[in-house]
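Q: Sequence and predicted structure, then a few things I'm wondering about:
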Amino acid sequence: MTYFVSSFDDTNIEKPSDATPWSGITIIANSPGVDKTGIYVDLVELFGIACEDSKWIITKYPYGYLYENENMDSIHVDSSELSKTCKPYRTEIKRFYCDGNDEKLFQER
């Protein structure tokens, strides 16, 4: 599965009230239950990835995101929940995982 990882301190998405104190935000590149993204996906276009102030930023959330709640369950927030507001969301990419190849392509500074 392909996904991006960040913290709620590095996004303007509000941290859910039932999220654990240590929960981060995982931005997924496919629908929940689907293991592989596909042979080729333009992640820059799909997620609106841009470089702002020397940081890689995600601006689109086509499949929503995941976080961990107090029961240690992984909770999916669908992209339709994010689109209910007109707020332009932004999340700094801290880590990136691509279909089995764990890479620290986006290092924390």
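A: Good, I have the coordinates.
Q: What distance separates the opening and closing residues of stretch 78-89?
A: End-to-end span of stretch 78-89 (Cα to Cα, to the nearest Å): 14 Å.
Q: Now do the buried residues in stretch 71-86.
A: Across stretch 71-86, burial judged by 16 or more other Cβ atoms under 10 Å covers 76, 82. Where you see a C-beta, it was placed from the backbone N, CA and C, and this is true even at glycine.
Q: That one: how far from the chain's middle?
A: Relative to its parent chain, stretch 71-86 has a centroid offset of 11 Å by Cα atoms, centre = their mean, to the nearest Å.
Q: Tell me which residues are up against it.
A: 13, 16, 18-20, 28, 32, 61-69, 89 (Cβ atoms under 8 Å, 6 or more residues apart in numbering).
Q: What segments of the protein are strands?
A: Using DSSP state E, the strands found in the chain span residues 3-7, 24-28, 50-52, 55-58, 65-68, 74-77, 91-92, 95-98, 101-103.
Q: Check these for me: which has the lowest mean pLDDT.
A: For the strands of the chain, mean pLDDT drops lowest on strand 101-103, to a mean of 47.
Q: Quick check: the gap between the spatially most central residue of the chain and residue 16.
A: The chain has residue 27 as the residue nearest its centroid, 1.8 Å off, counting by Cα atoms, centre = their mean. According to Cβ to Cβ, to the nearest Å, residue 27 stands 15 Å off from residue 16.
Q: And for residue 7?
A: With Cβ to Cβ as the criterion, residue 7 and residue 16 are 14 Å apart.
Q: pLDDT at the closest residue to residue 59 other than its chain neighbours, what is it?
A: The shortest distance from residue 59 to any non-neighbouring residue, by Cβ to Cβ, 6 or more residues apart in numbering, is to residue 48 (3.6 Å). Per-residue pLDDT puts residue 48 at 95.
Q: Does residue 48 touch residue 58 like I think?
A: Yes. When contacts are counted by Cβ atoms under 8 Å, residue 48 is listed as touching residue 58 (6.6 Å).
Q: Those two: which is more packed in?
A: Comparing residue 48 with residue 58 by neighbour count (other Cβ atoms under 10 Å), the higher total belongs to residue 58, at 22 against 16.
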